[in-house]
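Chemist: Using only what follows, build the 3D model:
(chains A and B)
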Amino acid sequence: MKTNIFKLLEKFYLDKEFEPTENCPDEATLYKYVCSCLDRKKMEKVKKHIIECDYCLKKILEIRESDEIESVKENKELTNKIYQILKNIPQNFIKLKIEQQKDEFLIWSIGESPIFKPIIESLIPTAVAPSYGLGLLMFKQDKILRKTKIGNIDVQIAIVPVSQKELKISFSFTKNEVPQKDIRVKINDKEFLSSKEGKIETLLPVKDKYKISILPQTSNQLDFNIILTK
Amino acid sequence: MLNYKKIITDLLSNKIDQESFEAFKYDLAARISKSISYYKEKFKISDNLIISFESYLEDLVQEIFYIILTSKNFLTQIQQLNDEEYTKVFSKWLNTTIRNITINFLIGKKILNKIELCTTSLYFSSASEDPEEYQIDIDDGTNFVEEVVDYSLLEEFFSSLDDDEKKVVRTKLQNPNFKQKDIAKQLGFSEAKVTRIIKRLIEKYKKMKK
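Modeler: Residues are numbered from 1 along each chain as shown, chains lettered A, B, ... in the order given. Prediction:
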């Protein structure tokens, strides 16, 4: 039985995580190097760097493995299944990303569309605020939902863009599943009180930055911002 | 082959026409499909696990599409390439991006874990074609080899390498077709030194394996 020491090490490189150094070329340069799209001097420089750098060597090996993947026989059935998912992306889509940073939602869209509502609805996820689900929300249809707690009060915040100009924001407050009324929410300078069903619902113009504070009577308040930018 | 430069430029400026957009989506679907098939085969993932993985396809596709749309730095840096070069570079980048996301998904969805990744079998069907000096004879003289990689052993082996040994390893891995004389020339070493280093590597590995 024979094995090859370099193939073992290649496997090892592909599995291990390495840290980049400050001398590492940027990603584009590395790809240009692999495709011989750099001038001779730069090619030589990158080649010499890789001899000294585990991080860049790993990148090269990943690119090489991807070449192997390209030569794999295509499974047409699977390709069609994936294509059906991709087909849901409308041509003039609006890219919407929601990023959760502690108590802040950042929502931004790029591009314009004359048919904002149906598109934006197709962009919003069904997921209930998993960290991943708040990534890019392009395909699914529902709303942005976030659950949190202030003291012992459960708070659910839903954000649904309803038109190109309006965003609907709703809050639901419960304590041990019992609706909580009279919880104050301040959106910029406007105040709202939760109903006996523990709910607040309002429309906000889609622009600018909103500073939102939730002020339960018995617990610490929760402040967060919603920003929508183009 | 698609004209990626035009497609990506149009896509990012929301000027893409329907036909090109559909062609790009189909091309992307084929690449993702190949990536999944490749890892299914490579890690011997059962059909059951793949079916469970397919339930995450939407997330996977979404993630890939998102990375394409948001890699503006990379896309700007390759913008000055001509159409042919752009297609070459973009195509490699796209395949590698899909590869990395697929691997992360397989691990993230617990279809693969790091241990499986590290200890999976390696198939060297072409071991007989490798230059003799890189081979480690184990016992039975067969050429079709299935070696279960012990990750911790490799980790220990890797950390035992000195600078010259690492340089030889990196040069060889970067240039799989290099013979010892090519490695020597590249590193400014004598051929005898490269031979000694490779022998030392093999001995060290065999010793650790015992």
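
Chemist: Where do the strands of chain B begin and end?
Modeler: If DSSP state E is used as the criterion, the strands of chain B fall at B:121-124, B:135-137, B:145-148.

Chemist: Show me which helix or strand of the chain is least confident by mean pLDDT.
Modeler: You didn't say which chain, so I picked chain A. Across the helices and strands of chain A, the lowest-confidence element by mean pLDDT, DSSP states H and E is helix A:116-123, at a mean of 35.

Chemist: Can you look at chain B instead?
Modeler: Lowest on mean pLDDT, DSSP H and E among the helices and strands of chain B sits strand B:121-124, with a mean of 41.

Chemist: can you list the weak-confidence ranges in chain A?
Modeler: A:1-3, A:88-149, A:160-166, A:206-210, A:217-230 (pLDDT under 70).

Chemist: run the last query once more with 50
Modeler: A:1, A:92-143, A:227-230 (pLDDT under 50).

Chemist: ranges for the helices of it?
Modeler: A:5-15, A:27-34, A:40-52, A:54-70, A:76-87, A:116-123 (DSSP state H).

Chemist: Make TSV from those helices and add mean neighbour count to it.
Modeler: (Glycine included, C-beta is placed from N, CA and C.) Below are the helices of chain A laid out as TSV (neighbours: other C-beta atoms under 10 Å in any protein chain shown):
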stretch	mean neighbour count
helix A:5-15	20
helix A:27-34	21
helix A:40-52	15
helix A:54-70	19
helix A:76-87	17
helix A:116-123	18
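
Chemist: Can you add distance to B:Ser37 and give those back as CSV?
Modeler: Output for the helices of chain A, formatted as CSV (distance: least, C-beta to C-beta, whole Å):
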stretch, distance to B:Ser37
helix A:5-15, 18
helix A:27-34, 23
helix A:40-52, 30
helix A:54-70, 8
helix A:76-87, 7
helix A:116-123, 28
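
Chemist: contacting residues for the residue nearest to A:Lys32 when sequence neighbours are not counted?
Modeler: Of all residues not flanking A:Lys32 in the chain, A:Leu38 sits nearest, at 5.0 Å (C-beta to C-beta, 6 or more residues apart in numbering or on different chains). Neighbouring residues of A:Leu38 by C-beta atoms under 8 Å, 6 or more residues apart in numbering or on different chains: A:Thr29, A:Lys32, A:Val46.

Chemist: Likewise for A:Thr79?
Modeler: Contacts of A:Thr79 (C-beta under 8 Å, 6+ apart): B:Tyr26, B:Ala29, B:Ala30, B:Ile32, B:Ser33.

Chemist: likewise A:Ile60?
Modeler: Per C-beta under 8 Å, 6+ apart, neighbours of A:Ile60: A:Leu30, A:Val34, A:Ile50, B:Leu173, B:Gln174.

Chemist: Could you rerun that using 10 Å?
Modeler: By C-beta atoms under 10 Å, 6 or more residues apart in numbering or on different chains, the residues touching A:Ile60 are A:Tyr13, A:Leu30, A:Tyr31, A:Tyr33, A:Val34, A:Val46, A:Ile50, A:Cys53, B:Arg170, B:Leu173, B:Gln174, B:Asn175.

Chemist: if I look at it, how far off is B:Phe90?
Modeler: Per C-beta to C-beta, to the nearest Å, A:Ile60 is found 17 Å from B:Phe90.

Chemist: Same question for A:Lys32.
Modeler: 11 Å.

Chemist: any common contacting residues for these two?
Modeler: Shared contacts of A:Lys32 and B:Phe90, counting by C-beta under 10 Å, 6+ apart, come down to B:Ile78, B:Leu81.

Chemist: what about the helices in chain B?
Modeler: Using DSSP H, helices in chain B cover B:4-12, B:18-42, B:47-54, B:57-70, B:72-77, B:83-108, B:114-119, B:151-159, B:163-174, B:180-187, B:191-209.

Chemist: so what secondary structure elements neighbour the first one?
Modeler: With contacts defined as 3 or more C-beta pairs under 10 Å, 6 or more residues apart in numbering or on different chains; DSSP states H and E, the packing partners of helix B:4-12 are helix B:18-42, helix B:57-70, helix B:72-77, helix B:83-108.
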